[in-house]
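A.B. asks: Quick check, what structure comes out for this input:
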Amino acid sequence: MRNLYQSPLENSNLPIFPAFFFPNIEYLINLSKFDKVMIEAFETYPKQSFRNRTYIQSANGKISINVPIIKEKTLRQTSSEVKISYNDNWNTKSFRAICSAYGKSPFFEYYEEDIKAFFYNKYEKLLDLNLDILSYFQKRFQINTKIYLTKEYLKPSDELDFRNKFNVNSTTINSLCTPNFKPYIQCFSDKLGFIENLSSLDLLFNLGKESIDYINNSILNEH
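C.D. replies: Residues are numbered from 1 along each chain as shown. Presented below is the predicted three-dimensional model:
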C-alpha cells in the first residue's frame, strides 16, 4: 500500500517527521507543505506520544484510540522495532468505538471497509501500520509529499525537525505551520461544538473528498 522512497543519503537536510497512528489534521497540513520528507525509524521509541494514539470525537466528547505495544524489559527499542500487542483485542474494541462515533457521519459507509482493514489485518510492527495509514491518507487527501525512511537516527536539527513538535499531552499547537482550523460539521457538533485538530479519521468521515480543500485552505490561512 505504501509508497516509500529510499534515501540516497545517510544524512539529509529534508524535514524529519515521526510516524503517527491515524495522524491528526495538524500533522497532515504540515506534511503537505513539503515535496519530500524523512520519516524517523531509528529513534528510541518515546512514550506518551501520537505514535500509538489518536483522538476522535465521540458522543461524550474527545476520546483516544490507543495501540498497545509489547514492552521489552531489557531493550531500548527503536520505533522500527516496536511490536503491537493483541492480547486484549484492542483492535476490535477500537474499531467498534470508531463505528459508534462515526457510523452516522456522511461518508462513513464509503470508507468503512478501508479503515476496518487497518484494525483487522493484525500488523506485527507499529511502524508498518503507521506507514500504511499515512500512505492511505496521502492518497485520499492528495498529499503528494514523497516519503523517505531514515537509515539511522538523525540528531536533532533545525526548524525542519518535527519529531517533537506534536505534544500529545498539551492542547497547545506547537508545530511550525500553525493552521487555521476552520470549523466544519462534526457528528456531535450540535451537542459538543467544534473540536479542532482531531484524527484524520474525523476529517475523512465528515468531509470525504472535501478534505482535500480543507487541508489546502488551512495551509493558505496559517496564523
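A.B. asks: can you point me to the longest helix in the chain?
C.D. replies: helix 126-140 (DSSP state H).
A.B. asks: tell me how far the ends of stretch 144-163 are from each other?
C.D. replies: End-to-end distance of stretch 144-163 (CA to CA, to the nearest Å): 20 Å.
A.B. asks: How far does that stretch sit from its chain's centre?
C.D. replies: The chain centre lies 16 Å from the centre of stretch 144-163; the measure is CA atoms, centre = their mean, to the nearest Å.
A.B. asks: just stretch 13-28 next, same as before
C.D. replies: Offset of stretch 13-28 from its chain centre (CA atoms, centre = their mean): 7 Å.
A.B. asks: give the contact list for residue 22.
C.D. replies: Counting by CB atoms under 8 Å, 6 or more residues apart in numbering, residue 22 makes contact with 54, 65, 133, 199, 200, 201. Every residue, glycine included, has its C-beta placed from N, CA and C.
A.B. asks: Which members of those occur in helices, if any?
C.D. replies: Using DSSP H, the contacts of residue 22 in helices are 133, 200, 201.
A.B. asks: For stretch 197-213, give me every contacting residue.
C.D. replies: Residues outside stretch 197-213 that contact it (CB under 8 Å, 6+ apart) are 22-28, 54-57, 62, 65, 98, 102, 105-108, 110-111, 115, 137, 140-142, 173, 181, 184-187, 214-215.
A.B. asks: repeat that for 7 Å
C.D. replies: The contact list for stretch 197-213 (CB atoms under 7 Å, 6 or more residues apart in numbering) reads 22-26, 28, 54-57, 98, 102, 105-108, 110-111, 115, 137, 140-142, 181, 184-187, 214.
A.B. asks: Can you give me the pLDDT of residue 166?
C.D. replies: At residue 166, the pLDDT value in this model is 81.
A.B. asks: Quick one: the helices in the protein, in order.
C.D. replies: Ranges of helices within the chain are 25-31, 90-102, 108-120, 126-140, 189-192, 200-207, 211-220, based on DSSP H.
A.B. asks: From the contact counts, what lies against the fifth one?
C.D. replies: Here helix 189-192 touches no other helix or strand, going by 3 or more CB pairs under 7 Å, 6 or more residues apart in numbering; DSSP states H and E.
A.B. asks: Can you mark which positions in the longest helix of the chain are buried?
C.D. replies: By neighbour count with 16 or more other CB atoms under 10 Å, helix 126-140 contains the buried residues 126-131, 133-138, 140.
A.B. asks: now these in JSON lines, with distance to residue 219 and pLDDT?
C.D. replies: Formatted as JSON lines, the buried residues of helix 126-140 follow (distance: CB to CB, whole Å; pLDDT from 0 to 100):
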{"residue": "126", "distance to residue 219": "28", "pLDDT": "97"}
{"residue": "127", "distance to residue 219": "27", "pLDDT": "97"}
{"residue": "128", "distance to residue 219": "29", "pLDDT": "97"}
{"residue": "129", "distance to residue 219": "27", "pLDDT": "98"}
{"residue": "130", "distance to residue 219": "23", "pLDDT": "97"}
{"residue": "131", "distance to residue 219": "23", "pLDDT": "97"}
{"residue": "133", "distance to residue 219": "21", "pLDDT": "98"}
{"residue": "134", "distance to residue 219": "18", "pLDDT": "97"}
{"residue": "135", "distance to residue 219": "20", "pLDDT": "96"}
{"residue": "136", "distance to residue 219": "20", "pLDDT": "97"}
{"residue": "137", "distance to residue 219": "16", "pLDDT": "98"}
{"residue": "138", "distance to residue 219": "15", "pLDDT": "97"}
{"residue": "140", "distance to residue 219": "17", "pLDDT": "97"}
